[in-house]
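Colleague: coordinates only, sequence not included:
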Ligand code: PLP
């Protein structure tokens, strides 16, 4: 059976060029980058090269890039790294109500320590309104953190505008750009962003590696203490192979971004237009255009309970998509807090399909999907209506 992977927001397959860049680090290039001998210096050069490649993707300077073990770690480091510099009662943080758990759970933790957290509302189209930020700032607001692109609905946030408002107030601005990096241009020389987190495995790079961009002059407390690697900001012997892979992934994404984004937008729009035409109750969730190039989130009015069945039926046909975010697969069947934040009721918020395209997807895979999904929606309806009746 043909296997089709349409779940690139969960993770992406490694680009073979990334694998090639990593392989020497598992063979001859094995040194500890902190060692002063030839083996260590060879590994150090690999890290320097990876740091430069990542910095180039953002038009940043290499010394503004700190490698982390994940997007989650970068998010934790940004939030805790600012908050721990203040007495908790003197620290107010603003975020949005539909961030990834890497932000929301860190906020909950900081709240337990005594910090005040405010959650900005989002519109029904999945966008944070900059006006709401203006109204939420307080004299002791230290940090604002709003994601660049949402992981479930794929909507793009007005980061530059939000960052400008934050900077005018004198606070720091962080963005969780894990879903956006490598897909849309994010240039630190043109955006007043202080910190930005990213993750290797979302841009056809390896898992277990991420980075936090920290603008020159911005001071944060480290999360991990030890031997002083990464300029003392993130101790631990570096994951050299993963850094080489992330660097290569960043370089490829930067070089190919324009062409690849147009290609993905074309495939994405074919799916949105055809599915909403062929399936009368299908609707797009989130803003029609302010969305990631390859990201589609669909609802099916009156068939919300069927999303999970549809996902499983597609899987039977070899097509991998998701019902929400991979992180929420533990909560399958629960309403999505992201869709609830967008004002959907708990019935609608239970039933969405997320289809996310990537570098190796083709027109012919989209053709197959456009043939299979309408057929499955049609055939599943009676089964799930019955299951509705049984559980009612
Ligand atoms: N932030 C967002 C928006 C994400 O989508 C994800 C992963 O899905 C993360 C953070 C966490 O990244 P990682 O898997 O590298 O920890």
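Modeller: Alright, I've got the coordinates. These numbers come from a predicted model, not from an experiment. Numbers count the residues shown, from 1 in each chain.

Colleague: And the helices in the stretch 201-350 of the chain, which stretches?
Modeller: For the stretch 201-350 of the chain, the helices defined by DSSP state H, counting those that start in this stretch occupy 240-278, 307-316, 337-341.

Colleague: Buried deepest among those helices, which one?
Modeller: Mean neighbour count, computed with mean count of other CB atoms under 10 Å, is highest for helix 337-341 among these, reaching a mean of 22. C-beta: built from backbone N, CA, C; applies to glycine.

Colleague: Ok, which of the helices of the stretch 201-350 of the chain comes nearest residue 222?
Modeller: helix 240-278 (18.1 Å; CB to CB).

Colleague: can you give me how far stretch 14-34 is from the chain middle?
Modeller: Remark: stretch 14-34 is offset 25 Å from the chain centroid, using CA atoms, centre = their mean, to the nearest Å.

Colleague: in it, what's buried?
Modeller: 14, 15, 18, 21, 22, 25, 29, 31, 33 (16 or more other CB atoms under 10 Å).

Colleague: could you redo the helices of the stretch 201-350 of the chain as TSV and give each row mean pLDDT?
Modeller: Converted to TSV, the helices of the stretch 201-350 of the chain look like this (pLDDT from 0 to 100):
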stretch	mean pLDDT
helix 240-278	98
helix 307-316	94
helix 337-341	95
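
Colleague: got those as CSV, with distance to the ligand columns?
Modeller: Below are the helices of the stretch 201-350 of the chain laid out as CSV (distance: least, CB to the nearest ligand atom, whole Å):
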stretch, distance to the ligand
helix 240-278, 11
helix 307-316, 17
helix 337-341, 10
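
Colleague: if I pick the residue in the chain positioned nearest to the ligand, what's in contact with it?
Modeller: With CB to the nearest ligand atom, the shortest gap between the chain and the ligand falls at residue 71, namely 2.7 Å. Residue 71 is in contact with 100, 102, 176, 178, 197, 198, 199, 202, 210, counting by CB atoms under 8 Å, 6 or more residues apart in numbering.

Colleague: Show the buried residues in these.
Modeller: With neighbours counted by 16+ other CB under 10 Å, the contacts of residue 71 contain buried members at 100, 102, 176, 178, 197, 198, 199, 202, 210.

Colleague: just checking, which of these belong to helices?
Modeller: residue 102 (DSSP state H).

Colleague: could you dump the buried ones among the contacts of residue 71 to CSV with distance to residue 356 and pLDDT?
Modeller: Formatted as CSV, the buried ones among the contacts of residue 71 follow (distance: CB to CB, whole Å; pLDDT from 0 to 100):
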residue, distance to residue 356, pLDDT
100, 15, 98
102, 18, 98
176, 17, 99
178, 13, 98
197, 19, 98
198, 17, 98
199, 14, 98
202, 10, 98
210, 19, 98
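
Colleague: just the buried ones among the contacts of residue 71 that are near the ligand?
Modeller: Near the ligand, judged by CB under 6 Å from any ligand atom, the entries from those are 100, 102, 176, 178, 199, 210.

Colleague: Of these, which belong to strands?
Modeller: Among these, the residues falling in strands (DSSP state E) are 176, 199, 210.

Colleague: of all the residues you listed, which comes closest to residue 349?
Modeller: Distances from residue 349 to these, taken by CB to CB, are shortest for residue 176, at 21.4 Å.

Colleague: if I look at the nearest residue to residue 265 once chain neighbours are set aside, how far off is residue 258?
Modeller: In space, and not counting its chain neighbours, residue 265 is closest to residue 293: 4.8 Å by CB to CB, 6 or more residues apart in numbering. Per CB to CB, to the nearest Å, residue 293 is found 10 Å from residue 258.
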